[in-house]
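> Fold the following, please.
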Amino acid sequence: MTWRCVLDECPELSERWQANWPDCPPDGSELRWLYASRWVRFHSLPESKRYADTPAEYDILLHRHNTVLSALFNGQEVFVVTAAYTGERELVEPLKYPEPLTLNPGARLWMTVTEDEEGEEFSIYSHMLVTRRSWRPGVLDPLLRAVADDVIAGVLITDMRMSRIYHPYDGGADCILESTAERDRLEVSCEDWLPARPAGR
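Residues are numbered from 1 along each chain as shown. Sure thing, here's the model as predicted:
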């Protein structure tokens, strides 16, 4: 399987991306395999529980997300990337599932990528939508909660150079950093939130 960019509306952003993550699409699951030496995973609830059921658990979940995000981006501006998945090459609104736009207000199309897989007749297109935000705790809580509830996926939060990646998912977050040493420092600072098994980093 290979990825192919079929539309690039923000070449400057794409240059920043490629400078840090060559030959990798803006996809958190791909990044963590290709850059495993710089990747760490944190779980969002005690005992690695996947989904929150109570207000108290949502408070814990959002506290963990905001703590790690502040460690990465305190006092900085960030890019917030959401993905709209469709069967069409062009992004046509209104979307059947509008959350990538409604939960990322002001987002504009960055790029559209697809997977070239042998034998597949139907293509899925990932339309990457981006905004620029000033980071502060709580500013992305609606988006983070929607990710935690599996309402939306494919979210990336990066610094302005796109050299640090925060990829929340339903159950936690993957962080891909600039170096193994930086990954190790972040890992130590939030070690109580690591997966129980080292293999699940």
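
> Show me which residues of the lowest-mean-pLDDT helix or strand in the chain are buried.
The helix or strand of the chain with the poorest confidence is strand 2-8; it has a mean of 85 (mean pLDDT, DSSP states H and E). Using 16 or more other Cβ atoms under 10 Å as the test for burial, strand 2-8 gives Leu7. All C-beta spots, glycine's among them, are computed from the backbone N, C-alpha and C.

> What helices and strands are in contact with that strand?
strand 108-116 (3 or more Cβ pairs under 8 Å, 6 or more residues apart in numbering; DSSP states H and E).

> Only the buried residues of the following helix or strand past the strand it packs on, if you could.
Per DSSP states H and E, strand 108-116 leads on to strand 125-134 as the next helix or strand towards the C-terminus. Judged by neighbour count using 16+ other Cβ under 10 Å, the buried positions of strand 125-134 are 125-130, 133.

> ok so, going back, can you give me the offset of the least confident helix or strand of the chain from its chain's centre?
18 Å (Cα atoms, centre = their mean, to the nearest Å).

> Please work out which residues outside that strand touch it.
Defining contact as Cβ atoms under 8 Å, 6 or more residues apart in numbering, one finds that strand 2-8 is touched by 14, 24-25, 27, 30, 89-90, 109-116, 125.
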